[in-house]
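1. Got a predicted structure plus its sequence, pasted below:
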Amino acid sequence: MIRASHDETVETAGHEQQNELFDALGSHRSRYALYACLQTDGELTLSVIADQVAAWEYDKPIAEVTSTEHKRVYTSLQQHHLSKLERSGLITIDDKSIDCTEKAQQLDLYIELVPESDVPWSLYYLGLSTIGGFIFGLEAIGFLPDPISPQVLTGILLLAFFCSSLVHYRHSNRVTFGPSDRPLEIAD
């Protein structure tokens, strides 16, 4: 009984942490701010982060960001976004300097980045397994033609999983929250 209660507490805490991460990263401005921090090895100031985020948002070089655009982003980051990122453990704020935490640098381990038009890989593999199981079930009851042997079905299913794994591997290496010129949302 005590064990079940402990497991429920751990599971609830894990869900709360994940919800906090999603809440902190729910705004494009928060994601841009975190990405700007991840691009730099050392600590940054709010002003430097605001310049970079404004440049990305207004699609212009940092030198062309107006004071109004800078102020709009600066105020929003200061009053709202950075506190959420700090509460979720993605950044630390000391005096006027901001730095990414280890958790932020390992962010792709915490959440799966799935663009709106993509299907999560876990769901894709579940579907592939279901289709394979259905076909093998048809073979077991003798519904498929005789020329299709279980060895051929196994080979086809293994080839489908192999090709899917290669695509998944390539996609995972391309979609990471790591160094690049621009965040994924605005990359060309």
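-> Arrived safely, thanks for sending.
2. Output the lowest mean pLDDT helix or strand found in the chain.
-> Taking mean pLDDT, DSSP states H and E as the measure, the helix or strand of the chain with the lowest value is helix 107-110, at a mean of 56.
3. For residue 23, list the residues it contacts.
-> 84, 88 (C-beta atoms under 8 Å, 6 or more residues apart in numbering). (Glycine included, C-beta is placed from N, CA and C.)
4. Try it again at 7 Å.
-> Residues near residue 23 by C-beta atoms under 7 Å, 6 or more residues apart in numbering: residue 84.
5. just residue 37 next, same as before
-> Neighbours of residue 37 in contact, by C-beta under 7 Å, 6+ apart: 44, 49, 91, 98, 100, 104.
6. quick one: pLDDT of the fifth one?
-> According to the per-residue confidence, residue 100 scores 84 in pLDDT.
7. With only the CA atoms kept, save the next helix or strand after the least confident helix or strand of the chain in CSV.
-> Counting by DSSP states H and E, the element after helix 107-110 in chain order, helix or strand, is helix 121-140. The C-alpha trace of helix 121-140 is given here as CSV (Å, rounded to 0.1, in the frame of the first residue of the first chain):
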residue,chain,number,x,y,z
TRP,A,121,7.5,8.3,-33.8
SER,A,122,6.1,6.1,-31.0
LEU,A,123,2.6,6.2,-32.6
TYR,A,124,4.2,5.5,-36.0
TYR,A,125,6.0,2.4,-34.7
LEU,A,126,2.8,1.3,-32.9
GLY,A,127,0.9,1.5,-36.2
LEU,A,128,3.6,-0.3,-38.1
SER,A,129,3.6,-3.1,-35.5
THR,A,130,-0.3,-3.3,-35.6
ILE,A,131,-0.3,-3.6,-39.4
GLY,A,132,2.4,-6.3,-39.2
GLY,A,133,0.5,-8.2,-36.6
PHE,A,134,-2.7,-8.0,-38.6
ILE,A,135,-1.0,-9.3,-41.7
PHE,A,136,0.5,-12.2,-39.8
GLY,A,137,-2.9,-12.9,-38.3
LEU,A,138,-4.3,-13.1,-41.8
GLU,A,139,-1.5,-15.5,-42.7
ALA,A,140,-2.2,-17.7,-39.7
